[in-house]
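Student: The following block contains a protein sequence and its predicted model.
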Amino acid sequence: MKNGTMLAAVDLGSNSFRLEICRYSHGLIQRSEYIKEAVRQGSGLDEERNLSAEAMERGWECLARFAERLAGFKPNEVRAVATQTLREAKNRHVFLGKAHELLGFPIEVVSGREEARLIYQGVSHFLPQTDERRLVIDIGGRSTEFILGVKQEPSQLESYRLGSVSSSLKYFAQGELTQAAFHKAEVAAKAVLEEAVEKFPQKAWDTAFGSSGTVSAVAEVLGGAGWSDKTITLESLEWLKRHLIRIGHVDHLRMEGLKEDRRAVIGGGLAILYAVLELFQIDELQVTPGALRHGLLYDLIEREEDTKDTRAVTVLGLQKEFQADAEQAKRVSKVACFFLLQLQASKHTSLDWNRLMKKLDWAAQLHEIGAQISHTDSHKHSAYILDNTDAPGFALYELHRLSLLVLGHKGKLKKLETDFSDEGFAYQLMCLRLAVIVCHARREPDYKKLQLRLSDKQVNRFELRIEPLWPQRFPQSQHLLQQEVIAWQKTHWELQLK
């Protein structure tokens, strides 16, 4: 990546939406602009876990303002992610469809563990690269993340459905700050986090760090009251809790360092933070400026190099974990990418061909990871694994798209339950299926006698041109290709052999 490149991260949190714009310089990022808006989407989820129209509208209005600032940025210079509220929302597709149009960039809904990984990525870049073992804690609006790691490598990642917004709505719904409300909220938080104590025991870390959200908000309030804003202790939290109880109601809160958007959720956030320090026996929680959005920015930088792209590392890890045939995967990937390059040469569109190529390669690398479970239904098990695994680096929709490609690499196409309106997906799927056919003998195939192109005369028609003697040399491959022609007739795409 060139020095001076501007990068942007958009964090759609449960309480606030954030936009951070930075300049890349010699492997580091330097803040250029930071915008934070209190959208409070987390409070817009009803009992059925549907996002209200009002909450969606607040989010859309904010993203429209962000979009104005992001005009001129390239796709590989912006990354936007959504966290727990949109993980939970059953109608998230309604919000995301319009949100994508307004922002102008795709919005990834990430899993809890991927959120935790990105948080650690952001925090670790603000800390010295020593051998100390770190426990990083991030209390957000509807989820709390715990991460163990050394330097820039996380070793344990977990996310719990517990946050300042959800806790405040349940235990401080009327805004009253009472001893009884704090007690109930703390007990509830400990009940959720009790299992985390075993996963993140005191002997496993040397220093505890708090990131962003509630931790930063509480630290600023403590700093304004004369306590340290760099560290948080049980003593300082006890004082703050007593002070809030004396005030009695969020409407009467007027404290230096307490921002307006934090007043309504300070009770739930403080209760969780107090429960965490007490439960994990943390004497002193160090406050760090690193956050999820910084992890997004450093992830953008690493994605420019395949060897550092976390997703590429994850793909290799899954392949090894499920003992997939690596040589066959390489063969299928090589042939599939060969076909996609031919399509690119025959079709001049605005598609991001590099992205399509990278995802096609990953699908080829993973198409047989389910074979250890069942050879006959390996494609179904491979797809299930991808749809249900925590894969570092990947957004949920990326994993689902990979699972669809893997599910569709053989057999009938109607099982995909898609209308194939996504042109890029249709190209990837055709290339993958043809590659699997050509490589069916599990040895190096003679594939350069084949040419895949898009028809000049008919929309949605693929033409596979085959040199005359090839079918005689490979009769089984020719038979499978003829079967493939029939398979595509059930879609609005067509394959023609020439």
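Tutor: Sure, I can see it. Numbering: from 1, shown residues only.
Student: C-alpha only now, for contacts and for neighbours.
Tutor: Will do.
Student: Give the buried residues for the one helix or strand residue 236 maps to.
Tutor: Assigning secondary structure by DSSP states H and E places residue 236 in helix 234-247. Neighbour counts over helix 234-247 (16 or more other CA atoms under 10 Å) mark 234, 236-237, 240-241, 244-245, 247 as buried.
Student: and it, how far from the chain's centre?
Tutor: Relative to the chain's own centre, helix 234-247 is displaced by 36 Å; criterion: CA atoms, centre = their mean, to the nearest Å.
Student: cool, stretch 294-306 as well?
Tutor: Mean-position distance between stretch 294-306 and its chain equals 13 Å (CA atoms, centre = their mean).
Student: Likewise for stretch 437-454?
Tutor: 34 Å.
Student: Now it: buried residues?
Tutor: 437-440, 445, 447, 450-454.
Student: what's the first-to-last distance across it?
Tutor: Start to finish, the residues bounding stretch 437-454 are 19 Å apart (CA to CA, to the nearest Å).
Student: Could you do stretch 282-297 as well?
Tutor: End to end - CA to CA - stretch 282-297 spans 30 Å.
Student: Other residues contacting that stretch?
Tutor: With contacts defined as CA atoms under 8 Å, 6 or more residues apart in numbering, stretch 282-297 is touched by 7-11, 18-20, 29, 79, 115, 118-126, 207-212, 215-216, 219, 229-234, 276-277.
Student: Mind giving me the packing neighbours of whatever helix or strand comes next after the helix holding residue 236?
Tutor: Next along the chain after helix 234-247, taking DSSP H and E as the criterion, comes helix 266-279. On a contact count with 3 or more CA pairs under 8 Å, 6 or more residues apart in numbering; DSSP states H and E, helix 266-279 meets strand 133-139, helix 164-171, helix 179-199, helix 213-224, helix 234-247.
Student: partners of the helix or strand following the longest one, with directions?
Tutor: Read it as helix 179-199. Using DSSP H and E, the helix or strand that follows helix 179-199 in sequence is strand 207-211. The pairing partners recorded for strand 207-211 under DSSP bridges are strand 133-139 (parallel), strand 285-288 (parallel).
Student: taking the mean pLDDT, what do you get for the longest one?
Tutor: So that's strand 133-139. Strand 133-139 comes out with an average pLDDT of 97.
Student: cool, stretch 453-460 as well?
Tutor: The average of the pLDDT scores along stretch 453-460 is 90.
Student: Could you list the buried residues of that stretch?
Tutor: Result for stretch 453-460 [16+ other CA under 10 Å]: buried residues 453-455.
Student: what's the answer for stretch 282-289, then?
Tutor: 282, 284-289.
Student: and of those residues, the nearest to residue 110?
Tutor: residue 289 (21.6 Å; CA to CA).
Student: Phi and psi next, for the closest one.
Tutor: Main-chain torsions, residue 289, degrees, to the nearest 10: phi -80, psi -20.
Student: Now do it against residue 152, distance only.
Tutor: From residue 289 to residue 152 the distance is 15 Å (CA to CA).
Student: ditto for residue 46
Tutor: In this view, residue 46 and residue 152 are 38 Å apart by CA to CA.
Student: Residue 258 too?
Tutor: Noted for residue 258: a distance of 32 Å to residue 152, by CA to CA.
Student: can you pull out the helices in the stretch 51-200 of the chain?
Tutor: Ranges of helices in the stretch 51-200 of the chain, per DSSP state H, counting those that start in this stretch, are 53-70, 84-88, 92-103, 112-124, 164-171, 179-199.
Student: The shortest one: which residues count as buried?
Tutor: Looking back up the chat, that one is helix 84-88. 84-86, 88.
Student: Check stretch 264-283 too.
Tutor: Those buried within stretch 264-283 under the rule 16+ other CA under 10 Å are 264-277, 280, 282.
Student: do stretch 313-322 as well
Tutor: So, applying 16+ other CA under 10 Å, buried residues of stretch 313-322: 314-315, 318-319, 322.
Student: I'd like the residues you listed laid out as JSON lines, including secondary structure and pLDDT.
Tutor: Listed next are the buried residues of stretch 313-322 as JSON lines, based on DSSP: H, G, I helix; E, B strand; the rest coil; pLDDT from 0 to 100:
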{"residue": "314", "secondary structure": "helix", "pLDDT": "92"}
{"residue": "315", "secondary structure": "helix", "pLDDT": "94"}
{"residue": "318", "secondary structure": "helix", "pLDDT": "94"}
{"residue": "319", "secondary structure": "helix", "pLDDT": "94"}
{"residue": "322", "secondary structure": "coil", "pLDDT": "93"}
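Student: and which of the residues you listed is nearest to residue 329?
Tutor: Nearest member of the buried residues of stretch 313-322 to residue 329, counting by CA to CA, is residue 319, at 9.1 Å.
Student: how close does the closest one get to residue 405?
Tutor: Separation of residue 319 from residue 405 (CA to CA): 16 Å.
Student: same question, residue 346
Tutor: 22 Å.
Student: Between these two, which is the more surrounded one?
Tutor: residue 405 (28 against 14; other CA atoms under 10 Å).
Student: what about that one, which helix or strand?
Tutor: Going by DSSP H and E, residue 405 is in helix 396-407.
Student: could you dump that helix to CSV, C-alpha only?
Tutor: Taking Å, rounded to 0.1, in the frame of the first residue of the first chain, the C-alpha atoms of helix 396-407 are listed here in CSV:
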residue,chain,number,x,y,z
LEU,A,396,-21.1,-13.7,7.9
TYR,A,397,-22.2,-13.0,4.3
GLU,A,398,-18.8,-13.9,2.9
LEU,A,399,-18.9,-17.3,4.6
HIS,A,400,-22.5,-17.8,3.4
ARG,A,401,-21.5,-17.0,-0.2
LEU,A,402,-18.6,-19.4,0.1
SER,A,403,-20.9,-22.0,1.5
LEU,A,404,-23.3,-21.6,-1.5
LEU,A,405,-20.4,-22.0,-4.0
VAL,A,406,-19.2,-25.1,-2.1
LEU,A,407,-22.7,-26.5,-1.9
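Student: what does the domain assignment say about the chain?
Tutor: Domain assignment of the chain by automatic domain parsing yields the ranges 6-109+295-299, 127-288, 305-497.
Student: mind checking the end-to-end distance for the shortest one?
Tutor: I take that to be domain 6-109+295-299. Domain 6-109+295-299 has an end-to-end distance of 14 Å (criterion: CA to CA).
Student: what's the distance between that domain and the middle of its chain?
Tutor: Relative to the centre of its chain, domain 6-109+295-299 is centred 12 Å away, using CA atoms, centre = their mean.
Student: Burial check on residue 414, number of neighbours?
Tutor: Neighbour number of residue 414 under other CA under 10 Å is 13.
Student: got the contact list for residue 262?
Tutor: Neighbour list for residue 262: residue 217 [criterion: CA under 8 Å, 6+ apart].
Student: how close does it get to residue 137?
Tutor: 19 Å.
Student: Tell me where this structure is predicted with low confidence.
Tutor: 306-307, 348 (pLDDT under 70).
Student: For the closest residue to residue 35 other than its chain neighbours, I want the exact helix or strand it lies within.
Tutor: Spatially, and ignoring its direct neighbours in sequence, residue 35 is nearest to residue 19 (5.1 Å; CA to CA, 6 or more residues apart in numbering). Taking DSSP H and E as the definition, one finds residue 19 inside strand 16-25.
Student: Determine the set of other helices and strands touching the helix or strand just after that strand.
Tutor: Next helix or strand after strand 16-25 toward the C-terminus (DSSP H and E): strand 28-38. Applying 3+ CA pairs under 8 Å, 6+ apart, we find strand 28-38 packed against strand 16-25.
Student: Starting from the strand it packs on, tell me which strands it pairs with and how they run.
Tutor: Going by DSSP bridges, the partners of strand 16-25 are strand 6-12 (antiparallel), strand 28-38 (antiparallel).
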